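Chemist: the following block contains a protein sequence and its predicted model.
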Amino acid sequence: QAIELDVLSTAEDHTIALGIVIGSFTPTLSPTAISTTYSPTTASTITPTTFSPTREMKDFFFWGVPDSVGQESPDVTQPLNVGGDVIGIAAGSRYTFIILQDGSALSAGFVQSKNEYHGHLGLSSSKVTRGTNEFQPVSEVFNAEQDAITDPPAFDKVFAGVESAPDSGIIHTILLDRQGRAWATGSNSMGQLCLGDNEDRMVPELIAINGRIVDVAIGSEHTLLLDEDGNVHGCGSNEVGQLGLGGVNDVNNPAQLDLSGVKSLSAGSHHSLFMAEDGIYVTGSNEYSQLCSEVGNFDTPNKIDIDIGNIFQFEAIKFSTFILYVDGSVNSCGKNEFGELGDGSGTDQILANVQLEGIVRLLGSGPSAQSQFFVTVDQSGIENVWGTGLNDRGQLGTGDLDNRDIPDRVKFDTMVIVDVLSAAEDHTIALGISSGTLSPTFAVTSMVPTLSPTEMSSTSNPTVSPTFLTKSPISAPTESPTISPTTSSPTSEA
């Protein structure tokens, strides 16, 4: 499993550690009956960065355009800790979804026109206004098995999408509940909701599919569902091969791909990535070389000739792709218009080296993003977050509005151990644990409501009006802060 270590103590014949498990794998041995012969044979992989890998409550950070988190204020150019009992996050085109500790899902964002709202917030049109929409709970779902509107289940993960064209409202969202069932809401223009038709849904509806779903990737008009047996099911547009289903144009029911042993998925606007037991695969559009290949589009999964044992994470943003290796280095390919590949060239690349200091342990991506993030650990064990690419609205968190073509440090006001980072076209959100001793330069107020289970009833229709800081932080440290030695835990968290 992948672990974030806080404390590690060694002795002459044994070693002990405290840390946070950041994977969601099935254990290969029982913690209560550890075999002395256990020896892992393959590199661990981590879960996608679009949701919280644990149910532990973290600090919730935001930067970029406040409209995308339901607030009207100037752009926030440095990370803002907005609190809340949040365990899962996803950033999409001008909107945000969060999962609270009790399993409730809330959405917020900007709607250009009610006439072009197709339901991506999971809220009926009567609850949505033109312009900025504050966080509201998803208080009802449609269960086709019961043919009825019901109270929502306890959700576990959420995946926010990318708008097909500016101001079109063609966006969709997929949620997973704690039973591994998938729910779809939003635009269904090409059948991307996997519900057997092409009708939009204003509230989440249960997808009829056998088996437990453990991971999801969504693009502008396509959806990929990964089941617990390592099989991938696709629906929606396959116009440029993004579903990997060959010559099929589009499907509105989940269709299984000819690919097995898949561990994780990721998608950009029109391309898809698969990390499997035997290697990494790509399919879809190669317009900007985002498939890391000189060849054109692929309409079935194509294996990249890189040893899977060397790969730790495989992620997509809108038109680009990133490969994180077990040694902490990163390759990138695809569109580089805003410097998102992080190689300093500013030109599209088939395979580039990201210019970074420190060992990368986590990538932060999103299907609508044209920025990319990297969480690194330096030789002293200090963590930093770096961003590169588009920054016209402060979405890099560097304290200004200048694009970067090599990664620059994200200016958190304290030391933060980031677990999840989700990037979108105009804003970025993250979950992590604050540590260190720096004093914040602003007062943090909560923009995320805490809802009791009774407030989630579909009949109560609560209105949530969280508060939000109306300006970005005025300063941030330019040097890495000093943290306590690793012989003691930086927090009292278990």
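Modeler: Thanks, I have the structure now.
Chemist: how about Asp67, phi and psi?
Modeler: For Asp67, the backbone dihedrals (degrees, to the nearest 10) come out as phi -50, psi -30.
Chemist: quick one, what contacts it?
Modeler: Residues near Asp67 by Cβ atoms under 8 Å, 6 or more residues apart in numbering: 94, 109-110, 131-132. C-beta: built from backbone N, CA, C; applies to glycine.
Chemist: state the pair within the residues you listed that is farthest apart.
Modeler: With distance counted by Cβ to Cβ, no two of the contacts of Asp67 lie farther apart than Arg94 and Gly131, which are 11.0 Å apart.
Chemist: same drill for the two, tell me which one is more crowded.
Modeler: Higher neighbour count among Arg94 and Gly131: Arg94, with 23 against 12, using other Cβ atoms under 10 Å.
Chemist: what distance do you get for that one to Asn403?
Modeler: Using Cβ to Cβ, to the nearest Å, we find Arg94 at a distance of 19 Å from Asn403.
Chemist: same thing with Gly334?
Modeler: For Gly334 relative to Asn403 (Cβ to Cβ), the value is 16 Å.
Chemist: of the two, who's got more company?
Modeler: A side-by-side neighbour count of Gly334 and Asn403, using other Cβ under 10 Å, places Gly334 first with 28 against 19.
Chemist: phi, psi of that one?
Modeler: Note on Gly334: its backbone torsions stand at phi 110, psi -150 [degrees, to the nearest 10].
Chemist: over to Arg94?
Modeler: Arg94 has phi and psi values of phi 60, psi 30 when expressed as degrees, to the nearest 10.
Chemist: go ahead and confirm it touches Ser107.
Modeler: No. Contact status for Arg94 versus Ser107: not in contact, 11.5 Å apart, counting by Cβ atoms under 8 Å.
Chemist: mind putting the contacts of Asp67 into TSV with pLDDT?
Modeler: Converted to TSV, the contacts of Asp67 look like this (pLDDT from 0 to 100):
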residue	pLDDT
Arg94	97
Gly109	98
Phe110	97
Gly131	96
Thr132	97
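Chemist: can you redo those as JSON lines with secondary structure and distance to Ile306?
Modeler: Formatted as JSON lines, the entries for the contacts of Asp67 read as follows, by DSSP: H, G, I helix; E, B strand; the rest coil; distance: Cβ to Cβ, whole Å:
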{"residue": "Arg94", "secondary structure": "coil", "distance to Ile306": "35"}
{"residue": "Gly109", "secondary structure": "strand", "distance to Ile306": "37"}
{"residue": "Phe110", "secondary structure": "strand", "distance to Ile306": "39"}
{"residue": "Gly131", "secondary structure": "strand", "distance to Ile306": "46"}
{"residue": "Thr132", "secondary structure": "strand", "distance to Ile306": "43"}
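Chemist: out of those, the closest to Ser345 would be?
Modeler: Proximity of the contacts of Asp67 to Ser345 (Cβ to Cβ) peaks at Arg94, which lies at 29.4 Å.
Chemist: beta partners for the nearest residue to the closest one once chain neighbours are set aside?
Modeler: Taking Cβ to Cβ, 6 or more residues apart in numbering, and ignoring the residues beside it in sequence, Arg94 has Phe110 as its nearest neighbour in space, at 4.5 Å. Phe110 forms beta bridges with Thr132, as assigned by DSSP bridges.
Chemist: helix or strand: which one has Ala165?
Modeler: In this structure, Ala165 is located outside every helix and strand according to DSSP states H and E.
Chemist: give me the neighbour count for it.
Modeler: Residues within reach of Ala165, counting by other Cβ under 10 Å, total 8.
Chemist: tell me the buried residues in stretch 74-81?
Modeler: Of the residues in stretch 74-81, those scored as buried under the neighbour-count criterion (16 or more other Cβ atoms under 10 Å) are 75-81.
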